[in-house]
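Engineer: My questions concern the predicted model and sequence given below.
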Amino acid sequence: MSAKKAELKKTSLTYDYKAVKQGGPFTKPGGTHELRNELREVREELKEKMDEIKQIKGIMDKDFDKLQEFVEIMKEMQKDMDEKMDVLINIQKNSKLKNVCCVP
């Protein structure tokens, strides 16, 4: 045995993996079957949660689309109001100019 292996053997903890594999403290009769059932249940719950998330995402996407439509409508309304304000400002300026020019 080399010096490195001897050193490792001294410092490492020994563990009997064969005993554990043959039915050590971590296993019990039917344990694998129970674990499979639990795993199946967890998968079903996860699938249900994923379906719920997809439904919520769909609703949020629709709401976002509606919000975008609303924003576009508001932009058009703002543009329309700006144009009307420009017309009113021009009318007011023209009115003042007429009053200044025509006042005796």
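Structural biologist: Noted; the coordinates are in hand.
Engineer: helices and strands of this structure: which one has the lowest mean pLDDT?
Structural biologist: helix 17-21 (a mean of 54; mean pLDDT, DSSP states H and E).
Engineer: ok, then the element right after that one?
Structural biologist: Following helix 17-21 in sequence order, the next helix or strand is helix 31-102 (DSSP states H and E).
Engineer: Averaged pLDDT, that next one. What do you get?
Structural biologist: Average pLDDT, helix 31-102: 91.
Engineer: From the contact counts, what lies against that helix?
Structural biologist: Using 3 or more Cβ pairs under 8 Å, 6 or more residues apart in numbering; DSSP states H and E as the contact criterion, no helix or strand is in contact with helix 31-102. Heads up, the C-betas are built off the backbone N, CA and C, glycines and all.
Engineer: Determine the number of other residues adjacent to Ser95.
Structural biologist: 10 (other Cβ atoms under 10 Å).
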